[in-house]
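Q: predicted model and sequence follow; I will ask about them next.
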Amino acid sequence: MKIVTAQTMQNLDRQAIVEHKIPGLQLMENAGRCCADILIANYGTTAGNKAVVIAGKGNNGGDGYVIARLLSETGWNVSVYILAEREQISGDAAANLDKLPAGMSNFCPCEGQLSALKNDIFQADVIVDALFGTGVRNDLTGVYLEAVRLINASSKPVLAVDIPSGIHGTTGRVLGDAVHADTTVTFAFAKLGHMLYPGAEHTGKLIVADIGIPASLMDVAPGYELLTSDSIGSMLRPRNRTAHKGDFGHCLIIAGSTGKTGAAALCANSAVRTGSGLVTLGVPESLNAVLEVKTTEAMTVALHDSGTGHLTSSAFPAIEKLLAGKDAIAVGPGLDRRPDTVSLIQTLIEIITAPLVIDADGLNALSEDVSVLKRKKSESVILTPHPGEMSRLLGVGIPDVEAERIAVAQEFASDYSVYLILKGARTIIASPSGVAAINSSGNPGMASGGMGDILTGILVSLLGQGYSAWDACRIGVFIHGYAADMVAGDKGEIGINATDVQEKLPYACKRLMSSNR
Ligand SMILES: NC(=O)C1=CN([C@@H]2O[C@H](COP(=O)(O)OP(=O)(O)OC[C@H]3O[C@@H](n4cnc5c(N)ncnc54)[C@H](O)[C@@H]3O)[C@@H](O)[C@H]2O)[C@H](O)CC1
Ligand SMILES: [K+]
């Protein structure tokens, strides 16, 4: 599913009007009709249904006037409150405003003029938010803020036209305050602002309506892939009846240090649970016995650690030998941040040629010298930072990362020619070519230690099975969250752990593949 920025949508509207000679009035009529049809379907056409439409000064308000007219034509009791002066309304919006029956419209452009609206809202069956759409630019103030707070305080059902007012259509940021909608009807494409937090929390049920933008424009519109069960389910390969373990890759994981054997085990076991043919786990020799117990299907290799419990450059020769014959490598989970471990990791990143996943302390080692990535040999390198690790890689604050998640991920991925998975609510995946995808699975139950180690195991397993880095990123990120959603569906979101998710991985793959049969 493609999602677009607010700007792209405004460009599409303009192209439809200018290049394809579709009147803007027609697009607005179609948009308004889609919303009215949904309201009538939800609330019926029985006369007496009361709708309060709150309209802004632009075309989002214009949609609101179309909705008001169509509802009143089916017997609804409709009132319209316009937070602007009449002379501020122009174009298609004005044309639709002038079609409204006399007495339906109330102009209340200033703060303190909303008492009629306040009384009306409490009689309403539904509120239609047609205040701002893709044209909102900065924080709401004055009467707009007052109206948003009235809507949210009303606890009435709210249908947001295009975008909940106060949500930025591209960043999903709340601009001062924003409407909490039960349903949002958007047009042509879902917008990033509907998917990214906190916008996603204001959107409610999202309905994408066709308003007649030509397919030829829609097909070439720039956008981002939203990962969904349909798209991912079709990417998972069924197994041949004659399959054997050699068909599913041998991945090598370099991980673990004293006190962090769990990270190594979780990573190795989730690689097994994702379907690897063989998994080898290279760990400090003094921890090998522990890992032999924590893993069964994965093989372990004891690497020289001079009894310290963490890997240093003395383990390099053995690791170099281990690289031979491996289909994919993962470096990082629980490795430690000591300087001699950091230099080992940096050397490995420079010499590994197989597809490579760098996570956790692998990322911390890169933060010491990110130019190492410029000397990498592998053509398929996946980095999996959470916002904290990303901020250290970039040398900026976490708020700077979170403010522009997509741009940050895309820029780093293309600057260093890597695949970047920026984890968090709505994980972002960026490819070296600048393409980006947004994940739709996962839940707050994943906010606990070990979940990242599971993702690393999934990714290195998929790379080892021969999936391209781009496919491995999208499949891996989605099934990671999807498995966690399955666990949360059984157990709730409090107290679920990485082991639960790891054990659910086969079930997640099975359900995704069967839903795509
Ligand atoms: N043909 C089309 O373009 C169609 C558009 N549709 C609907 O139109 C809106 C986009 O309309 P637009 O006029 O560009 O902007 P808005 O109505 O979202 O905003 C109104 C207006 O408000 C001003 N403004 C922006 N930010 C603020 C602020 N913080 N405080 C006060 N005022 C602000 C600014 O001047 C804006 O122009 C789109 O969402 C659709 O709903 C049709 O649906 C399809 C055809
Ligand atoms: K709106």
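A: Here it is on my side, so go on. Small disclaimer: the values here were computed from a predicted structure and weren't measured. Ligands and ions are numbered 1, 2, ... in the order given.

Q: any idea which element residue 458 lies in?
A: Residue 458 is part of helix 451-464 when elements are defined by DSSP states H and E.

Q: helices and strands around that helix, which ones?
A: Judged by 3 or more Cβ pairs under 8 Å, 6 or more residues apart in numbering; DSSP states H and E, helix 451-464 is in contact with strand 250-254, helix 261-273, strand 328-331, strand 356-358, helix 469-491, helix 498-514. Just so you know, the C-beta spots here come from the backbone N, C-alpha and C atoms, and that holds for glycine as well.

Q: which helices and strands does the fourth one pack with?
A: Spelled out, it's strand 356-358. Where contact means 3+ Cβ pairs under 8 Å, 6+ apart, strand 356-358 is packed against strand 328-331, strand 381-383, helix 451-464.

Q: please redo it, this time with the cut-off set to 10 Å
A: Secondary-structure packing of strand 356-358 (3 or more Cβ pairs under 10 Å, 6 or more residues apart in numbering; DSSP states H and E): strand 250-254, strand 328-331, helix 339-351, helix 361-368, strand 381-383, helix 451-464, helix 469-491.

Q: now stretch 225-238: buried residues?
A: For stretch 225-238, burial by neighbour count (16 or more other Cβ atoms under 10 Å) applies to 225, 226, 227, 229, 231, 232, 233, 235, 236.

Q: among these, which ones are in strands?
A: 225, 226, 227 (DSSP state E).

Q: let's have those in a markdown table, adding pLDDT and distance to residue 187.
A: Listed next are these as a markdown table, based on pLDDT from 0 to 100; distance: Cβ to Cβ, whole Å:
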| residue | pLDDT | distance to residue 187 |
| --- | --- | --- |
| 225 | 97 | 20 |
| 226 | 96 | 16 |
| 227 | 97 | 22 |
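
Q: also within reach of ligand 2: list those from those.
A: Restricting those to those touching ligand 2 (Cβ under 5 Å from the ion) yields no residues.

Q: how about the helices of the stretch 301-450 of the chain, start to end?
A: Applying DSSP state H, counting those that start in this stretch to the stretch 301-450 of the chain gives helices spanning 316-323, 339-351, 361-368, 387-394, 398-403, 405-416.

Q: pull out the buried positions in the second one.
A: Of the residues in helix 339-351, those with enough neighbours to count as buried (16+ other Cβ under 10 Å) are 341, 342, 343, 344, 345, 346, 347, 348, 349.

Q: what do you get for the last one?
A: By neighbour count, and taking 16+ other Cβ under 10 Å as the criterion, the buried residues in helix 405-416 are 405, 406, 408, 409, 410, 412, 413, 414, 416.

Q: and of the residues you listed, the nearest to ligand 2?
A: Ligand 2 has its nearest neighbour among the buried residues of helix 405-416 in residue 406, at 22.5 Å by Cβ to the ion.

Q: could you list the low-pLDDT ranges of the chain?
A: 44-46, 517 (pLDDT under 70).

Q: now with 80, please.
A: Along the chain, segments meeting pLDDT under 80 span 44-48, 516-517.

Q: burial count for residue 176?
A: Close neighbours of residue 176, defined as other Cβ atoms under 10 Å, add up to 14.

Q: and the one 10 residues further on, by the same measure?
A: Using other Cβ under 10 Å, the number of residues around residue 186 comes to 26.

Q: hey, what's it bridged with?
A: residue 208 (DSSP bridges).

Q: quick one, what contacts it?
A: 3, 9, 31, 34, 133-134, 160-163, 169, 193-194, 203, 206-209, 211 (Cβ atoms under 10 Å, 6 or more residues apart in numbering).

Q: OK, now which residue of the stretch 351-500 of the chain is nearest to ligand 2?
A: Residue nearest to ligand 2 within the stretch 351-500 of the chain: residue 426 (21.1 Å; Cβ to the ion).

Q: how about the residue in the stretch 201-350 of the chain that ligand 1 sits nearest to, nearest residue that isn't a chain neighbour?
A: When scored by Cβ to the nearest ligand atom, the stretch 201-350 of the chain has residue 211 as its residue closest to ligand 1, at 5.7 Å. Excluding the flanking residues, the one nearest residue 211 by Cβ to Cβ, 6 or more residues apart in numbering is residue 30, at 4.0 Å.

Q: is the helix or strand harbouring that neighbour positioned near ligand 2?
A: Per DSSP H and E: residue 30 is located in helix 24-43. No. On the criterion Cβ under 5 Å from the ion, helix 24-43 is out of touch with ligand 2, staying 10.2 Å away.

Q: tell me the contacts of the nearest residue to residue 23 once chain neighbours are set aside?
A: Spatially, and ignoring its direct neighbours in sequence, residue 23 is nearest to residue 17 (6.9 Å; Cβ to Cβ, 6+ apart). Listed by Cβ under 10 Å, 6+ apart, the contact set of residue 17 reads 23, 24, 25, 26, 27, 92, 213.

Q: around the fifth one, how many other residues sit close by?
A: Residue 27 has 23 neighbouring residues, counting by other Cβ under 10 Å.

Q: also the last one?
A: Residue 213: 22 surrounding residues under other Cβ under 10 Å.

Q: who's in contact with it?
A: Residue 213 neighbours (Cβ under 10 Å, 6+ apart): 9, 12-13, 15-17, 20, 22, 27, 30, 187-189, 221.

Q: those residues in strands, which ones?
A: Among the contacts of residue 213, the members found in strands (DSSP E) are residue 187.

Q: nearest to ligand 2 among the contacts of residue 213?
A: Nearest to ligand 2 among the contacts of residue 213, counting by Cβ to the ion, is residue 187 at 11.3 Å.

Q: measure that closest one to residue 33 for me?
A: Separation of residue 187 from residue 33 (Cβ to Cβ, to the nearest Å): 11 Å.

Q: could you do residue 481 as well?
A: 36 Å.

Q: and those two? Which one has more around it.
A: Neighbours of residue 481 and residue 33, each counted by other Cβ under 10 Å, are more numerous for residue 481; the result is 25 against 17.

Q: quick check, the more buried one in contact with residue 427.
A: Yes. Between residue 481 and residue 427 there is a contact at 7.4 Å, judged by Cβ atoms under 10 Å.

Q: shared neighbours, the two?
A: 227, 439, 440, 441, 442, 455.

Q: export those to TSV and tack on distance to residue 262?
A: Shown next, in TSV, are these (distance: Cβ to Cβ, whole Å):
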residue	distance to residue 262
227	28
439	25
440	29
441	24
442	21
455	15
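
Q: and the two most separated of these?
A: 440 and 455 (15.7 Å; Cβ to Cβ).

Q: between those two, tell me which one has more neighbours.
A: residue 455 (28 against 21).

Q: what comes up buried for the helix holding residue 30?
A: 24-25, 27-36, 38-40, 43.
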